[in-house]
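**Q** my questions are about this predicted structure, shown below with the sequence.
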Amino acid sequence: MLLFGLFLSNAAHAADVFWDGMYRLRGQYFDSLSLSDSNPDAEGSSNLLTHRLRLQPNWRISPKLSLHTQLDILPLQSFGGNALFYSAPTQTIPLFPDSTQSSNPLTVTRLWGEYRSKYGLLKMGRVPLHWGSGMVFNAGNGAWDEFGNSVDRIQFTAQVQNLYVLGGIESYAENQTNLSDDTWGIAGALYYAKSKTQLGLYLNYRQQGPADTRLGMLTADLHGGIDSGDLQAELELAVHYGNGDLDGGYDDISVLAFGAATKVGLSMNKLGLGLDAGFAQGDSTPNDQTINTFHFNRDYNLSLMMFEEPMPILRNEFVTQEGEERDLSAVRTGYSISNAIYLRPNIGYNIRKNLRGSLSLLT
């Protein structure tokens, strides 16, 4: 960060500040997360009401230099409860949290600097990570997103006419003494964009652990799309490939998983027709040394169950705590969705200016 520190050392008489952000109020009601009243482990009805305030101030220090940040105020706080704090933005959290509570009302989720030169754009810090439709890497900036991918990275993007070339080095260091299990990664992308067409390939390699117990995985993500006004279409194909060792004595693990998603939309005056489809590979033998399960990003929202809150596995593993109002004898211990094939046709109509109705069926 020395280079960026030198940039900031230049005296600035004034800096323009641009604000972005949102406030969201969200209520949810579930008849049963098991979707079966006859399941003896079913929780029954549950409800949740949360709000979130997200502020994104951006400082333009000079025409070439800027500083960006994201502040989550009272993050994921339920009405009547304390603010929730999670140290990792992508950490898996329960749908109805009750024990991971903190009095911390403010989380600085992202912070990075940008320097634009005649050669390209340099970014350094904790930056949002997004690619394509968000099927694999999703920054989670939508109004209904909950999680979001961020990464500590130094990256440089150069532009040659309509072609963009990206390279980056990233770190997931715990910095614990005498432990060499930190993760590092490299990223690269080629992206071609014109007014109506886009096509790009994103490559990300991550490696964890020392040489004798090292796990590495490569993700290749191809995304393309067209937008001709009346016709919009996009297709994304992604594959995970890797091998190495896992904690707990699981050696010689190999990873090979594939996923795909496509969207097509057609506008005809006030009427709109669309179709979403996707595939996520599953694993017929999940307990062997080959991992074939592909996961969609949890902010790639087709519906609440796909994929923000996949249907849980409920087991009697915890005794109800004395004095608790909710029965904790049936709790979430994992995800029961390990593969998926989906179709979602939809139809919409522009009723009037700024008012649109739509109907979709997810199968």
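**A** Here it is on my side, so go on.
**Q** residue 234 - that's part of a strand, no?
**A** Yes - per DSSP: H, G, I helix; E, B strand; the rest coil, residue 234 lies within a strand segment.
**Q** mind checking how far it is from residue 285?
**A** Here residue 234 is placed at a distance of 33 Å from residue 285 (C-beta to C-beta, to the nearest Å). Where C-beta positions appear, they are placed from N, C-alpha and C, glycine not excepted.
**Q** more neighbours, the two?
**A** residue 234 (17 against 8; other C-beta atoms under 10 Å).
**Q** now do the contacts for that one.
**A** Shown in contact with residue 234 (C-beta atoms under 8 Å, 6 or more residues apart in numbering): 132, 133, 223, 224, 225, 226, 262, 263.
**Q** now these in TSV, with secondary structure?
**A** Shown next, in TSV, are the contacts of residue 234 (three-state DSSP):
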residue	secondary structure
132	coil
133	coil
223	strand
224	strand
225	strand
226	strand
262	strand
263	strand
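**Q** now do the helix or strand hosting residue 343, average pLDDT.
**A** Element membership for residue 343 (DSSP states H and E) is strand 340-352. Averaged across strand 340-352, pLDDT comes to 94.
**Q** in the stretch 101-250 of the chain, what residue spans correspond to strands?
**A** Using DSSP state E, counting those that start in this stretch, the strands assigned to the stretch 101-250 of the chain run over residues 106-116, 121-128, 150-160, 163-172, 183-193, 197-208, 215-227, 231-246, 250-268.
**Q** right, so those strands: which one is the most enclosed?
**A** Comparing the strands of the stretch 101-250 of the chain by mean neighbour count (mean count of other C-beta atoms under 10 Å), strand 121-128 ranks first with a mean of 19.
**Q** partner strands of that strand, with direction?
**A** In the sheet, strand 121-128 lines up against strand 106-116 (antiparallel), strand 150-160 (antiparallel) (DSSP bridges).
**Q** tell me what angle the last one forms with strand 183-193.
**A** What that stands for is strand 150-160. Comparing the axes of strand 150-160 and strand 183-193 via axes from the mean of the first three to the mean of the last three C-alpha atoms, to 10 degrees yields an angle of 40 degrees.
**Q** quick one: contacts of strand 150-160?
**A** 89-90, 109-110, 119-129, 139, 164-172, 185, 187.
**Q** is residue 19 bridged to anything, and to what?
**A** In beta-bridge terms (that is, DSSP bridges), residue 19 pairs with residue 57.
**Q** contacts only, for it.
**A** 55, 56, 57, 58.
**Q** would you turn those residues into TSV with distance to residue 348, pLDDT and neighbour count?
**A** Formatted as TSV, the contacts of residue 19 follow (distance: C-beta to C-beta, whole Å; pLDDT from 0 to 100; neighbours: other C-beta atoms under 10 Å):
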residue	distance to residue 348	pLDDT	neighbour count
55	32	93	15
56	29	93	18
57	35	94	14
58	33	94	16
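**Q** ok, those vs residue 303, which is closest?
**A** Distance to residue 303 across those (C-beta to C-beta) is lowest for residue 56, with 27.1 Å.
**Q** list the contacts for the closest residue to that closest one other than its chain neighbours?
**A** Distance criterion C-beta to C-beta, 6 or more residues apart in numbering; nearest residue to residue 56, sequence neighbours excluded, is residue 20 at 4.2 Å. Residue 20 sits next to 55, 56, 57, 58 when contact means C-beta under 8 Å, 6+ apart.
**Q** OK, contacts around the second one?
**A** Each residue near residue 56 by C-beta under 8 Å, 6+ apart is listed here: 19, 20, 21, 68, 69, 70, 71.
**Q** switch to 7 Å and redo it
**A** 20, 21, 70 (C-beta atoms under 7 Å, 6 or more residues apart in numbering).
**Q** what does the host helix or strand of the last one contact?
**A** Spelled out, it's residue 70. Following DSSP H and E, the helix or strand that holds residue 70 is strand 65-78. Strand 65-78 has contacts (C-beta under 7 Å, 6+ apart) with 7, 48-61, 83-84, 105-115.
**Q** the inter-axis angle of it versus strand 150-160?
**A** Using the same axes, to 10 degrees: strand 65-78 against strand 150-160 is 140 degrees.
**Q** which strand residues bridge the nearest residue to residue 64 once chain neighbours are set aside?
**A** When the adjacent residues along the chain are set aside, residue 64 lies closest to residue 116, with 5.0 Å between them (C-beta to C-beta, 6+ apart). Counting by DSSP bridges, residue 116 forms beta bridges with residue 121.
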